[in-house]
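A.B. asks: fold the following and give me the result.
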Amino acid sequence: MKKITIAGFALAAFLLAGCNNADDHDINGSLTQVGVANDFYLNNAPAASIILSKDKSHFLTLSINSNSLHTLLTKKEAMNYNQNNPNIDASLNWNGHFIIDKNKPSGLVLRLESLNKENNTAKIHYTATLVSPKADTNKTIQLSDSFTLSDSNWQKIDKLYQQQQKLQAKQDSQNKEISN
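C.D. replies: Model (predicted):
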């Protein structure tokens with residue numbers, strides 16, 4: 001766990017180093033509306049998207065499948081650098097479209113700051129460096145902020161986590177039967 005935390009901190013520092021656009025300042029702190037969409041698959045596993053928005057045309061989408069959600073909730077951190085983890089993704093619509101790209105320095109770190117199962121809330125911090133997918137531009141957007149999932153939004157995420165736990169238990173049981 002210590003290696004993941006150190007790696008996450010190093011990746012977060014790397015992601016925030018570099019360019020500092022005016023758009024970055026406009027975005028940070030303005031994504032105040034939180035929503036969750038689920039019932040889809042990412043990398044062949046059940047997934048959910050957390051949508052942080054200012055309005056209908058300015059929003060950040062953080063998508064995570066059940067495998068990376070398990071990592072986030074158990075190890076307190078999940079990350080994707082240059083598309084090395086297809087189980088977690090991010091995109092931004094803000095005066096253009098920005099993504100995690102495998103060919104340009106970009107990535108996402110999600111860190112679980114707190115979890116309160118009694119109140120159905122979770123606070124998550126994100127650090128992202130997203131790039132324009134256009135080959136002829138090096139435009140980069142850097143973001144770092146926290147958001148809280150509450151009530152029904154947390155319940156959708158928790159449901160995804162519970163599904164993953166059931167699938168894992170079933171696989172463990174099948175593996176045990178095969179080995180006996």
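A.B. asks: can you list the weak-confidence ranges in the chain?
C.D. replies: 1-26, 28-29, 180 (pLDDT under 70).
A.B. asks: so which residues of this structure form helices?
C.D. replies: Along the chain, counting by DSSP state H, helices occupy 2-16, 22-27, 66-75, 151-179.
A.B. asks: contacting residues for the nearest residue to Leu110 once chain neighbours are set aside?
C.D. replies: Leaving aside its sequence neighbours, Leu110 sits nearest to Ala78 (C-beta to C-beta, 6 or more residues apart in numbering; 4.9 Å). Heads up, the C-betas are built off the backbone N, CA and C, glycines and all. By C-beta atoms under 8 Å, 6 or more residues apart in numbering, the contact set of Ala78 is 64, 68-69, 71-72, 85, 87-88, 109-110.
A.B. asks: who wins for neighbours among these?
C.D. replies: With neighbours taken as other C-beta atoms under 10 Å, the top of the contacts of Ala78 is Ile64, carrying 28 neighbours.
A.B. asks: okay, that one and Ile178: tell me how far apart.
C.D. replies: 30 Å (C-beta to C-beta, to the nearest Å).
A.B. asks: repeat that for Phe147.
C.D. replies: To Ile178, Phe147 is 42 Å away according to C-beta to C-beta.
A.B. asks: please identify which of the two sits among more neighbours.
C.D. replies: Shown here are Phe147 and Ile178; by other C-beta under 10 Å, Phe147 has more neighbours (20 against 7).
A.B. asks: who's in contact with the more buried one?
C.D. replies: Taking C-beta under 8 Å, 6+ apart, one finds 31, 34, 50, 52, 123-124, 126 in contact with Phe147.
A.B. asks: among those, which two are most distant?
C.D. replies: Leu31 and Lys123 (14.5 Å; C-beta to C-beta).
A.B. asks: more crowded one of these two?
C.D. replies: Leu31 (20 against 15).
A.B. asks: so who does that one touch?
C.D. replies: The contact partners of Leu31, by C-beta under 8 Å, 6+ apart, come to 52-54, 58-60, 145, 147.
A.B. asks: spatially nearest residue to it, not counting backbone neighbours?
C.D. replies: Leu52 (3.9 Å).
A.B. asks: wait, doesn't the one you found sit right on Ile27?
C.D. replies: No: using C-beta atoms under 8 Å, Leu52 is not in contact with Ile27; the gap is 9.7 Å.
A.B. asks: what is in contact with these two at once?
C.D. replies: Leu60.
A.B. asks: pretty sure Ser30 sits against Asp55.
C.D. replies: No: in this structure, Ser30 is not within contact of Asp55 by C-beta under 8 Å, at 9.2 Å.
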